[in-house]
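Visitor: pasted the sequence and its predicted model underneath.
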Amino acid sequence: MCDQTFVAATFGPCDNCTTASPLMNIYIKNEAINYCSFCVEVMACQGLQKGESLANLKRECESLKKKLEEERGKLNDVELHQVAEKVEVVGALSIKTRRVLKGHGNKVLCMDWCKDKRRLVSSSQDGKVIVWDGFTLNKEHGMTMPTTWVMACAYAPSGCAVACGGLDNKCSVIPLSLDSNENLAAKKKTVAMHTNYISGCTFTNSDMQLLSSSGDGTCALWDVESGQLLQSFHGHTADVLSLDLAPSETGNTFVSGGCDKKANVWDMRSGQNIQSFECHESDINCVKYYPSGDAFASASDDATCRFFDLRADREVAVFQKDSIIFGASTVDFSLSGRLLFAGYNDYTMNVWDVLKGNRVSILFGHENRISRVRVSPDGTALCSASWDNTLRIWA
Amino acid sequence: MSSKPHSSNNIAHARRTVQQLRIEASIERIKVSKASADIMNYCTEHARNDPLLMGIPASDNPFKDKKPCTIL
């Protein structure tokens, strides 16, 4: 009769798989590894490099993060607003509502300008996508998507198509036809397919490629003609809420922001995450490149907008005020980049001086939260979309 | 053990994070003073072409209502 006994000096959660079980206390290079017997076997089979283990990797992670902070800190010799002290103060702005676009029956979630500077496309919660002429308020096209909450819409560079997507997890491209009798929704072509809602989409420099961001935590680049996935971008650990393409002179990168409070800059060709910024204290709702392409701004639920410089690799300005307590949902720069227009959940838009860091103006008018703000391609006007079912053009 | 796939994921995930951080730590950075000066220069160079900043006359802005014209 044999009693089966085994040595189990400790019982507790395994360092690797975290289930509670008898742990084998082994030492690798003088370091205690408390794994359960299964994980020890798995580790042996995985052929870990000498001395590599979860604890080691975690420690290297921490030290690299610290090193990153130090390196960034070393170059922080002066603040942006100090450098800009000698710059003239922004004069009084005479920006007023010039047009109110009524026609959506429900919250307007997104809008985009056409390159011809007069047309725009907007999408709403009830699935309607409308193409407007901004000068005449004429509704040129109206389509109903087979989904509610169309959270993303974009105008193609040629002006001949629009892309939209939302809770259907797909981004579709709809060619715009001059024939008003045609049922446009029937001609739509599904391009992007994600496993969660589409939060943002944009065409790249041509009508041929589409970039999409999704609640599934990834961004993806698609070929419009074939619907093929060209590149996917993994790195966010939560929903990606917004993306923006770098202005064409500066190359193939884009920035994305998400619920993991991070803003990531990606290389479109390799799929590599080049830079990452984690300064916000809550979800990043919107990211937008500065016109020169060397910086970008972000709007977040923590009621601040922040300005990040890509070459200095750090945050260089924070746009906040004690009196602003509602989250910022959208940002866009004026043509020169001097003004930052930010839409907030308290129904207002704040206009910030990017160089000096102070607020220049507040724009009132909407009766519900502002979902999207976009400056027209030639900088003459600003369009805001809101949950009050309207869009306003300001100039 | 239900955590079988989980255990290899942890190490793989940590390896990926370390690799990503290594890439980020090694990029070239410039001083904030230089970066800020460049941004400031861009702003001032393009400021005069910025309609929302400078304000353009109603006749040039298609969105602003034009004053009624009188025929003399």
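Guide: Arrived safely.
Visitor: helices of the stretch 1-150 of chain A, start to end?
Guide: Applying DSSP state H, counting those that start in this stretch to the stretch 1-150 of chain A gives helices spanning A:37-46, A:54-74, A:80-83.
Visitor: any low-confidence regions in the stretch 151-300 of chain A?
Guide: The stretch 151-300 of chain A contains residues with pLDDT under 70 at A:179-182, A:249-250.
Visitor: where's the residue of it found nearest chain B, which helix or strand?
Guide: As assessed by Cβ to the nearest Cβ, chain B sits closest to A:Ser292 within the stretch 151-300 of chain A, at 4.7 Å. (Glycine included, C-beta is placed from N, CA and C.) Under DSSP states H and E, no helix or strand contains A:Ser292.
Visitor: now the residue nearest to it when sequence neighbours are not counted: phi and psi?
Guide: Distance criterion Cβ to Cβ, 6 or more residues apart in numbering or on different chains; nearest residue to A:Ser292, sequence neighbours excluded, is B:Tyr42 at 4.7 Å. The phi and psi values for B:Tyr42, taken as degrees, to the nearest 10, are phi -60, psi -40.
Visitor: longest helix in chain B, please.
Guide: Using DSSP state H, we find that the single longest helix of chain B is helix B:4-25.
Visitor: that older thread, just put the helices of the stretch 1-150 of chain A in CSV and tack on distance to chain B and mean neighbour count.
Guide: Output for the helices of the stretch 1-150 of chain A, formatted as CSV (distance: least, Cβ to the nearest Cβ, whole Å; neighbours: other Cβ atoms under 10 Å in any protein chain shown):
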stretch, distance to chain B, mean neighbour count
helix A:37-46, 5, 16
helix A:54-74, 4, 15
helix A:80-83, 4, 19
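Visitor: so who does the residue nearest the centre of chain B touch?
Guide: Residue closest to the average C-alpha location in chain B (Cα atoms, centre = their mean): B:Ile39, at 11.3 Å. Contact analysis of B:Ile39 by Cβ atoms under 8 Å, 6 or more residues apart in numbering or on different chains lists A:80, A:290, A:292, A:294-295, A:309, A:337, A:354-355.
Visitor: hang on, it in a helix?
Guide: Yes: counting by DSSP: H, G, I helix; E, B strand; the rest coil, B:Ile39 falls inside a helix.
Visitor: count of residues packed around A:Asn169?
Guide: Residues near A:Asn169, counting by other Cβ atoms under 10 Å in any protein chain shown, number 17.
Visitor: wait, doesn't it sit right on A:Tyr197?
Guide: Yes: at 6.2 Å, A:Asn169 counts as touching A:Tyr197 under the criterion of Cβ atoms under 8 Å.
Visitor: any shared contact partners between the two?
Guide: Here A:Asn169 and A:Tyr197 have A:Ser214 as joint contacts, going by Cβ under 8 Å, 6+ apart.
Visitor: how near is A:Ser242 to B:Met54?
Guide: Separation of A:Ser242 from B:Met54 (Cβ to Cβ, to the nearest Å): 29 Å.
Visitor: higher neighbour count, these two?
Guide: Here A:Ser242 and B:Met54 are compared on neighbour count by other Cβ under 10 Å; more neighbours surround A:Ser242, at 24 against 17.
Visitor: got the contact list for that one?
Guide: Contacts of A:Ser242 (Cβ under 8 Å, 6+ apart): A:199-200, A:213, A:256-258, A:284-287.
Visitor: name the nearest residue to A:Lys261, ignoring sequence neighbours.
Guide: Nearest non-adjacent residue to A:Lys261, counting by Cβ to Cβ, 6+ apart: A:His280, 4.8 Å away.
Visitor: count the neighbours of the one you found for me.
Guide: A:His280: 23 surrounding residues under other Cβ under 10 Å.
Visitor: before we move on, what about A:Gly91?
Guide: A:Gly91: 10 surrounding residues under other Cβ under 10 Å.
Visitor: what lies in contact with stretch A:66-81?
Guide: A:307, A:312-314, A:316-317, A:355-357, B:21, B:24-25, B:29-33, B:36, B:39.
Visitor: from those, which land in strands?
Guide: Of the contacts of stretch A:66-81, the ones assigned to strands by DSSP state E are A:307, A:314, A:316-317.
Visitor: how close does A:Arg369 sit to A:Phe341?
Guide: 15 Å.
Visitor: the two: who's more crowded?
Guide: Higher neighbour count among A:Arg369 and A:Phe341: A:Phe341, with 26 against 19, using other Cβ under 10 Å.
Visitor: give the helix, strand or coil label for that one.
Guide: Recorded secondary structure, A:Phe341: strand (three-state DSSP).
Visitor: sorry, back to before: phi, psi for the residue of the stretch 151-300 of chain A closest to chain B please.
Guide: Torsion angles at A:Ser292 (phi, psi; degrees, to the nearest 10) stand at phi -80, psi -20.
Visitor: tell me what the worst-scoring helix or strand of chain B on mean pLDDT is packed against?
Guide: In chain B, no helix or strand scores lower on mean pLDDT, DSSP states H and E than helix B:4-25, which sits at a mean of 73. Packing partners of helix B:4-25 (3 or more Cβ pairs under 8 Å, 6 or more residues apart in numbering or on different chains; DSSP states H and E): helix A:37-46, helix A:54-74, strand A:273-277.
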